[in-house]
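Trainee: I'll drop the sequence and a predicted model, then ask my questions.
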Amino acid sequence: MPGGRLTEHERQQIALGLADGLAYAEVARRLDRPTSTITREVMRNGGPTAYRADLAHRATERRAHRRKHTAPREQGAPAQGQGPDDEAVREYEETFTTLLMHQGLSKMTARVLTCLLIADAGSVTASELVQHLQVSPASVSKAIAFLEEQGLIRRERDDRRRERYFVDDDVWYQSTVASARGTALVAETARRGVSVLGRDSPAATRLENIARFSDFISESILRAAEQVREILHTKPEANPGGGAAPGADHG
């Protein structure tokens, strides 16, 4: 299986595949590439309806150029650029961002959340996000506001009076609970329509089925989340001296 960055010819083949209505997996098979590589390539370059091979290739070249000329990170910035394989870290960050976009987050919100998730300390400042993502402060602020509204992050001031954003170790538990509560709200709203439309009408039957299904899913998810939270949640490893590992204390 070939490695490295996609070539301009491969990008042209991706564009042709999309025009023919091929699935990402089929395009990937024809190019002998992982499906995740094709998915990530398309999603960060306009999506399946707006992807253009020439623009995608130039955008990749610009990103590579920026990486070579990016100033050193501030202390405590996200983990990109550290570790034994910097390129692997960047690839993983893009993969996780694409996954979050498929789950419904906007691109910028997904990028900010991924940054927090892969930072060892689980926290960054606004200036660190701006530098790391190479975007405007306004873009970061909007994404932060949405994540905070969803209860996925929190903010505190550090000893230098800077606002620092934190993602807790149980962020996925919090996200799962929020999703389950949203599903419960669907059940409640659907059931309200039953009485409005008349219980014997076909529409009311349809809504009642939606309500029952949503109730069951919501209750099952909440029950499972509570049951497995303590069983499966991995705790930070302790240092030899007996303290928690760096980054374990987010508060």
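Mentor: Perfect, I can see it now.
Trainee: Find the nearest non-adjacent residue to Ala126, please.
Mentor: The shortest distance from Ala126 to any residue that is not its chain neighbour, by Cβ to Cβ, 6 or more residues apart in numbering, is 5.6 Å, and that residue is Val140. Placement of C-beta: from N, CA and C, glycine included.
Trainee: quick one: contacts for the one you found?
Mentor: The contact partners of Val140, taken as Cβ atoms under 8 Å, 6 or more residues apart in numbering, are 108, 112, 126, 129-130, 133.
Trainee: Just the pLDDT for it.
Mentor: You'll see Val140 listed with a pLDDT of 91.
Trainee: Over to Ala110?
Mentor: Ala110 is given a pLDDT of 90.
Trainee: my guess is it contacts Gly104, does it?
Mentor: No: between Ala110 and Gly104 there is no contact under Cβ atoms under 8 Å: 9.3 Å.
Trainee: before we move on, the earlier item: could you identify the most distant pair in the contacts of Val140?
Mentor: Met108 and Ala126 (13.1 Å; Cβ to Cβ).
Trainee: what about those two, which has more around it?
Mentor: More neighbours surround Met108 than the other of Met108 and Ala126, with 20 against 17 (other Cβ atoms under 10 Å).
Trainee: Now the more buried one: phi and psi?
Mentor: Dihedral angles of Met108 (phi, psi; degrees, to the nearest 10) stand at phi -70, psi -40.
Trainee: what about it, distance to Tyr165?
Mentor: According to Cβ to Cβ, to the nearest Å, Met108 and Tyr165 sit 14 Å apart.
Trainee: Same check on Leu152?
Mentor: 10 Å.
Trainee: ranges for the strands of the protein?
Mentor: Taking DSSP state E as the criterion, the chain carries its strands at 123-125, 154-157, 163-166.
Trainee: Tabulate these in CSV, adding columns for mean neighbour count.
Mentor: Formatted as CSV, the strands of the chain follow (neighbours: other Cβ atoms under 10 Å):
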stretch, mean neighbour count
strand 123-125, 22
strand 154-157, 12
strand 163-166, 18
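Trainee: for those strands, which one sits closest to Arg58?
Mentor: Using Cβ to Cβ, those put strand 123-125 closest to Arg58, at 29.3 Å.
Trainee: on contacts alone, who are the packing partners of the closest one?
Mentor: Secondary-structure packing of strand 123-125 (3 or more Cβ pairs under 8 Å, 6 or more residues apart in numbering; DSSP states H and E): helix 107-118, strand 163-166.
Trainee: Each with direction, which strands does that strand pair with?
Mentor: In the sheet, strand 123-125 lines up against strand 163-166 (antiparallel) (DSSP bridges).
Trainee: For Tyr24, list the residues it contacts.
Mentor: Shown in contact with Tyr24 (Cβ under 8 Å, 6+ apart): 35, 38-39, 42.
Trainee: Go again with 10 Å.
Mentor: 14, 17-18, 33, 35-43, 48 (Cβ atoms under 10 Å, 6 or more residues apart in numbering).
Trainee: which stretches of the stretch 151-251 of the chain have low pLDDT?
Mentor: 233-251 (pLDDT under 70).
Trainee: can you map out the helices along it?
Mentor: Assigned by DSSP state H, counting those that start in this stretch, the stretch 151-251 of the chain shows helices spanning 171-197, 202-232.
Trainee: ranking those by burial, who's on top?
Mentor: Mean neighbour count (mean count of other Cβ atoms under 10 Å) peaks for helix 171-197 among the helices of the stretch 151-251 of the chain, with a mean of 15.
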